[in-house]
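A.B. asks: next comes the sequence, and after it the predicted model I'd like to discuss.
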Amino acid sequence: MISIDRVLEKLDEYLHRNDYASAERHLSFWLSEARAERDGRAEILVQNERMGIYRKLARRDEALRVVDEVLSKIDEMGISYQVGAATTYLNAATVYCAFGMAEQGISLFEKAREIYEAELDGQDRRLGGLYNNMGLTLVELGRFAEARELYGKAISVMLSCEGGEAEAAITHLNLATAAEKEFGLLDADERISDHLDRAEELLECVRLRDGNYAFACEKCATVFHYYGRFSYGNELAERARRIYEQRH
């Protein structure tokens with residue numbers, strides 16, 4: 001059996017350097033190895049990583065081809081109701097949504113949700129991530145009430161997890177964006193302000209300021225800038241820069 005931990009460890013090295021060409025070659029090699037060894041579990045895990053890279057690089061055709069391949073593999077292996085399959089459904093749904101295929105994405109999110117809610121503890125981070133990503137797609141489809149419900153669930157899950165404040169902050173900013181799309185910028189002003197305030201409070205509560213926190217700061221900074229809170233947005237961007245520098 002292929003050591004997935006070793007594959008992912010090397011992949012992280014490439015991604016840390018933003019060396020996507022090497023990361024892609026690395027995954028292509030291990031995909032071939034997994035298929036040669038008939039290691040379906042490894043094949044699916046490698047394909048999940050390939051989906052993420054192609055989505056990030058906006059390589060639509062390749063990303064969608066991998067989605068088709070990995071979903072077929074799940075069916076072939078008869079594991080469509082396992083937690084690992086649900087994670088793949090979630091990743092594939094995110095690919096669909098990234099390329100304007102929200103309707104296809106939401107059906108996969110629903111499959112993932114059914115499995116996660118049946119199999120995972122209610123405080124599992126994976127469940128919070130699912131709710132958050134599914135909420136983004138529901139907003140795109142104009143299903144705002146459903147999105148708000150899932151965002152609320154995501155926040156509850158994340159705040160039950162150690163160090164989950166930064167992820168909860170991101171969800172509050174997603175709620176701010178959803179409010180703008182539903183009600184318009186002026187009518188949603190108070191709601192937006194409340195969510196921005198709460199996100200700031202949560203970001204300041206985080207004790208472990210590592211690479212994940214830096215990523216959250218970077219992501220949140222853009223939203224604070226968008227809504228005119230330039231001082232705090234700049235502070236978050238600078239905070240992320242310092243953390244990244246310390247890691248090198």
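C.D. replies: Okay, I see it.

A.B. asks: dump the C-alpha coordinates for the helix or strand hosting residue 21 into PDB.
C.D. replies: Per DSSP states H and E, residue 21 falls inside helix 20-36. This file holds the C-alpha atoms of helix 20-36, laid out as PDB (Å, rounded to 0.1, in the frame of the first residue of the first chain):
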ATOM      1  CA  TYR A  20       2.500  24.000  -8.600                       C
ATOM      2  CA  ALA A  21       4.400  22.500 -11.600                       C
ATOM      3  CA  SER A  22       6.300  20.200  -9.200                       C
ATOM      4  CA  ALA A  23       3.200  19.500  -7.200                       C
ATOM      5  CA  GLU A  24       1.300  18.400 -10.300                       C
ATOM      6  CA  ARG A  25       4.200  16.100 -11.500                       C
ATOM      7  CA  HIS A  26       4.400  14.600  -8.000                       C
ATOM      8  CA  LEU A  27       0.700  13.800  -7.900                       C
ATOM      9  CA  SER A  28       0.700  12.500 -11.500                       C
ATOM     10  CA  PHE A  29       3.500  10.100 -10.500                       C
ATOM     11  CA  TRP A  30       1.700   8.800  -7.500                       C
ATOM     12  CA  LEU A  31      -1.600   8.500  -9.300                       C
ATOM     13  CA  SER A  32       0.200   6.200 -11.800                       C
ATOM     14  CA  GLU A  33       1.700   4.200  -8.900                       C
ATOM     15  CA  ALA A  34      -1.700   3.900  -7.100                       C
ATOM     16  CA  ARG A  35      -3.300   2.600 -10.300                       C
ATOM     17  CA  ALA A  36      -0.400   0.200 -10.900                       C
END
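
A.B. asks: what helices and strands are in contact with the very next helix or strand once past that helix?
C.D. replies: Using DSSP H and E, the next helix or strand after helix 20-36 towards the C-terminus is helix 40-56. Packed against helix 40-56 by the contact rule (3 or more C-beta pairs under 8 Å, 6 or more residues apart in numbering; DSSP states H and E) you find helix 4-16, helix 20-36, helix 60-77, helix 83-98. Yep, even glycine has a C-beta here, placed from its N, CA and C like the rest.

A.B. asks: highest average neighbour count across the ones you listed?
C.D. replies: helix 83-98 (a mean of 22; mean count of other C-beta atoms under 10 Å).

A.B. asks: wait, residue 92 touches residue 106, no?
C.D. replies: No: checked against C-beta atoms under 8 Å, the pair residue 92 and residue 106 is beyond contact range at 11.8 Å.

A.B. asks: looking at the helices and strands packed on helix 40-56, which one has the lowest mean pLDDT?
C.D. replies: Among the helices and strands packed on helix 40-56, helix 4-16 carries the lowest mean pLDDT, at a mean of 92.
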